[in-house]
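Q: fold the following for me, if possible:
(one chain, ligands or ions: 1)
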Amino acid sequence: MHSNPIVSIIMGSDSDLEIMNEAAKALDLFDVPYEIDISSAHRSPARTSEFSRNAAGRGVRVIIAGAGGAAHLAGVIAAETILPVIAVPIAATSLGGLDSLLAMVQMPAGIPVATVAIGKPGATNAGILAAQILGTSDPELAKKLLSYKEKLARGVEEKSRKLQESRTK
Ligand code: RP5
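A: Down below sits the predicted model:
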């Protein structure tokens, strides 16, 4: 855990941790200090409210919230902070995450939540998006994000080269 986190990763239950660790891994790629914790919109509303109201004052600049089922966590956090909130829908029920996706993405006008894809790809993108938000005012971080994108592009070129090679054999 970092002593001065600027991103807070929060999730509804410890059962979300495997997915939300992907957001942490993405932030690690860019050396962004974060904290990671559990709070539930439904089971611990007072704790969630306290977290939301205090986050900015503690130096947090972006919040990533993951939850499954009737996933209200990101929305109730966004209701009590002006920090950007990124929501990660988690497949925790027999509805496969579509329930959480719809709960997160259908916020009423006035309380935005940036919702990413269901599950691990979404959690990864939440970490990258948080870094990109911070990168708009941090040139060193922006450089790391640019080289990450270049690495992705090189990966595609490498795959293309291998495919063409395999077809000429
Ligand atoms: C949600 O309910 C949590 O975010 C989790 O995805 C889901 C199930 O929680 P547990 O019953 O595993 O604690 O609030």
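Q: check which helix or strand the residue most central in space within the chain maps to.
A: Among the residues of the chain, the one closest to the centroid is Ala126, at 2.7 Å (CA atoms, centre = their mean). Element membership for Ala126, per DSSP states H and E: helix 120-135.
Q: near the ligand, which residues of the protein are found?
A: With CB under 6 Å from any ligand atom as the criterion, the chain meets the ligand at residues 11-13, 15-16, 40, 67-69, 90, 92. To be clear about C-beta, it is placed using only N, CA and C from the backbone, and glycine gets the same treatment.
Q: hmm, back to that, quick one: contacts for the residue nearest to the centre of the chain?
A: The contact partners of Ala126, by CB atoms under 8 Å, 6 or more residues apart in numbering, come to 23, 26, 64, 66, 86-88, 116.
Q: counting neighbours, which of these comes out on top?
A: Neighbour counts for the contacts of Ala126, by other CB atoms under 10 Å, peak at Val88, which reaches 36 neighbours.
Q: kindly state the beta-bridge partners for that one.
A: Gly66 (DSSP bridges).
Q: report the distance from stretch 76-90 to the chain centre.
A: 10 Å (CA atoms, centre = their mean, to the nearest Å).
Q: list the buried residues in it.
A: Neighbour-count burial for stretch 76-90 flags 76-81, 83-90 (criterion: 16 or more other CB atoms under 10 Å).
Q: show me which of those is closest to the ligand.
A: Ile90 (4.8 Å; CB to the nearest ligand atom).
Q: isn't that closest one right up against Leu101?
A: No. Using CB atoms under 8 Å, Ile90 makes no contact with Leu101, being 9.4 Å away.
Q: give me the common contacts of the two.
A: Residues touching both Ile90 and Leu101 by CB under 8 Å, 6+ apart: Ile118.
Q: quick one: contacts for Lys25?
A: 124, 127.
Q: quick check, it in a helix?
A: Yes. According to DSSP: H, G, I helix; E, B strand; the rest coil, Lys25 belongs to a helix.
Q: in strands only, show me the buried residues of stretch 76-90.
A: 85-90 (DSSP state E).
Q: those: which two are farthest apart?
A: For those, the farthest-apart pair by CB to CB is Val85 and Ile90; their separation is 15.4 Å.
Q: buried residues, the longest helix seen in the chain. List them.
A: In the chain, with assignment by DSSP state H, the single longest helix is helix 139-168. Going by neighbour count (16+ other CB under 10 Å), the buried part of helix 139-168 is 141, 145.
Q: what's it packed up against?
A: Helix 139-168 makes packing contacts with helix 120-135 when contacts are defined by 3 or more CB pairs under 8 Å, 6 or more residues apart in numbering; DSSP states H and E.
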